[in-house]
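Asks: I would like the atomic coordinates for the input below:
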Amino acid sequence: MTKKLHIKTWGCQMNVYDSSRMADVVAPLGYAPSETAEGADLVIFNTCHIREKASEKLFSELGRLKPMQQDKAAKGERMIVAVAGCVAQAEGAEIQRRAPYVDMVFGPQTYHQLPEMIARVTRQSGGVLNTEFPPDSKFDALPQQRNGDVSAFLSIQEGCDKFCTFCVVPYTRGAEYSRGVAAIIAEAEVLAANGAREITVLGQNVNAFHGEGPDGAVWGLGRLLRRLADIPNIKRLRYTTSHPRDMDDDLIAAHRDVPQLMPFLHLPVQSGADAVLDAMNRKHTSDDYRRIIDKLRAARPDIALSSDFIVGFPGETDADHAATMRLVRDIGFASAFSFKYSRRPGTPAAAMVQQVPETVQDARLQELQALLRAQQEAFNQSLVGKTIPVLFDGVARNDSGRHEGRQMHGRAPFMQSTYIAAPAAAPERLIGHELAVTITQARQSSLIGELAQAG
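Replies: Alright, predicted model coming up:
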């Protein structure tokens, strides 16, 4: 009998990948994905600890789920409730205390043990708490990924040794670990054979990758990307998330040498002020970042950039904020993520003096976001009238008012969602194909176009 599995995911693309792999792990137990928690036999909340009030959002969701769990129990059925991910890793005992009806709490390093944990829950009363960092890699125990999507995530590196003072990742994901090259290539080949045409390799510090190659040598990310580009049917490669300290010359050269590597890079800088970067323990300066961007643009002149920014970090002055604004104007970003600093318990920054008042944080964030929005809009407008390759991945109902009927959805090289009117006959035939599209209209975060060639 098929059982229903519902997974709700918060946070980064690594969490999206982890949720997909959790579904793979429990599939042999008879669990099939369900869009809703209603009536589910297993519900997993895969959590992120990076943003403010992450724990409260989780407990709010758990509170809504509790009556559903009780309804199942009244019918003599069971809904297993699990909390996974970084909040689980950091606050496992607190979750069990505040929500004793949660059956399983486990961190991001242990989800390969899900079948065993489920068995323990069904055999005995009481919850399972599993937040250890096991000595064996979870990747060695996971079933082979068989994602049938056009675009697929592939985790190659996990953990972080950087210890930025605002970040919980080293404490929730553990030390940096890189998978072996042979295992990565084997997984990528299966993904390609099952329809993936674009692969995004993932890691907390993906460009710190240092996996053992089949030749016994340690491979960096640049060499790995060159090897992935040799896999038949892989049209596009991307990687995220990067750290400026690991942006080496070989990786920069890969942007020049590997046609499949898309001209778009998310490279977080966090601040344009050296004093703030030092307090964050970033170990790079604003001019270091500028020099990296200069090298990238020399290697790949059409590269578009994205970044992360934190405003109102403890001790940030008006002059520091002005330095961030200046860096944004100097470089120019096609997109960006920006946030007010929020204290994460257990991080060094949480204990720092000179916490910036929230009203000041709000004003600085609004000023920064206005500039970033203007840059994003200008970048998108610069594509109007140009013909660019778009990789199509689905058919969608038109909500834009631009075309009647259905639309084809695809992804531009620079990550924007791109839409064209779906052909009247068999629009699905475009899925998985990269076709030339002339852009006719730009929006804040998406593009509208027309096929420039017969589909």
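Asks: in this protein, what spans have low per-residue confidence?
Replies: For the chain, the stretches flagged by pLDDT under 70 are 1, 50-52, 125-127, 129-147, 397-405, 453-455.
Asks: run the last query once more with 80
Replies: Judged by pLDDT under 80, the chain has its weakly predicted residues at 1, 12, 49-54, 109, 123-148, 172-173, 345, 396-405, 453-455.
Asks: can you give me the helices for it?
Replies: 13-26, 54-74, 85-98, 114-123, 169-172, 181-193, 221-228, 249-257, 274-279, 286-299, 318-331, 358-382 (DSSP state H).
Asks: you'd agree residue 284 is up against residue 247?
Replies: No: contact between residue 284 and residue 247 fails when scored by Cβ atoms under 8 Å: they sit 9.3 Å apart. The way it works is simple: take the backbone N, C-alpha and C, and place the C-beta from them, glycine included.
Asks: skipping adjacent residues, who's closest to residue 155 in space?
Replies: On the basis of Cβ to Cβ, 6 or more residues apart in numbering, the spatially nearest residue to residue 155 that is not a chain neighbour turns out to be residue 202, at 4.7 Å.
Asks: partners of the one you found in the sheet?
Replies: Residue 202 has the following beta-bridge partners by DSSP bridges: residue 155, residue 240.
Asks: so how far is residue 301 from it?
Replies: Taking Cβ to Cβ, to the nearest Å as the criterion, residue 202 is separated from residue 301 by 27 Å.
Asks: the more surrounded of the two?
Replies: With neighbours defined as other Cβ atoms under 10 Å, residue 202 and residue 301 compare such that residue 202 has more, 23 against 9.
Asks: contacting residues for that one?
Replies: Applying Cβ atoms under 8 Å, 6 or more residues apart in numbering, one finds that residue 202 lies in contact with 13, 14, 17, 153, 154, 155, 156, 157, 239, 240, 241.
Asks: from these, which two are the most distant?
Replies: Greatest spatial distance in the contacts of residue 202: 154 and 241, 14.2 Å, computed using Cβ to Cβ.
Asks: mind listing the strands for the stretch 301-450 of the chain?
Replies: With DSSP state E, counting those that start in this stretch as the definition, the stretch 301-450 of the chain shows strands at residue ranges 304-311, 335-340, 387-397, 406-411, 417-421, 434-442, 446-451.
Asks: got the CA coordinates for the fourth one in PDB?
Replies: So the one you mean is strand 406-411. Taking C-alpha atoms only, strand 406-411 is exported to PDB below (Å, rounded to 0.1, in the frame of the first residue of the first chain):
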ATOM      1  CA  ARG A 406      -0.500  28.600 -22.100                       C
ATOM      2  CA  GLN A 407       3.200  29.500 -21.900                       C
ATOM      3  CA  MET A 408       6.400  27.700 -22.100                       C
ATOM      4  CA  HIS A 409       8.700  28.400 -19.100                       C
ATOM      5  CA  GLY A 410      12.500  28.300 -19.400                       C
ATOM      6  CA  ARG A 411      15.600  29.700 -17.800                       C
END
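Asks: parallel or antiparallel, list what pairs with it.
Replies: Strands flanking strand 406-411 in the sheet, each with its direction: strand 387-397 (antiparallel), strand 417-421 (antiparallel) (DSSP bridges).
Asks: contacts for that strand?
Replies: Contacts made with strand 406-411 from outside it, assessed by Cβ under 8 Å, 6+ apart, are listed as 151, 198, 390-398, 400, 417-423, 427, 430, 435, 437.
Asks: what subset of those is buried?
Replies: Among the contacts of strand 406-411, those classed as buried by neighbour count (16 or more other Cβ atoms under 10 Å) are 151, 198, 390-393, 417-423, 427, 430, 435, 437.
Asks: quick one on the thing from earlier: turn the contacts of residue 202 into JSON lines, columns for neighbour count and distance to residue 215.
Replies: Shown next, in JSON lines, are the contacts of residue 202 (neighbours: other Cβ atoms under 10 Å; distance: Cβ to Cβ, whole Å):
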{"residue": "13", "neighbour count": "17", "distance to residue 215": "29"}
{"residue": "14", "neighbour count": "24", "distance to residue 215": "28"}
{"residue": "17", "neighbour count": "19", "distance to residue 215": "27"}
{"residue": "153", "neighbour count": "23", "distance to residue 215": "26"}
{"residue": "154", "neighbour count": "20", "distance to residue 215": "21"}
{"residue": "155", "neighbour count": "24", "distance to residue 215": "22"}
{"residue": "156", "neighbour count": "24", "distance to residue 215": "17"}
{"residue": "157", "neighbour count": "25", "distance to residue 215": "19"}
{"residue": "239", "neighbour count": "26", "distance to residue 215": "22"}
{"residue": "240", "neighbour count": "20", "distance to residue 215": "27"}
{"residue": "241", "neighbour count": "18", "distance to residue 215": "28"}
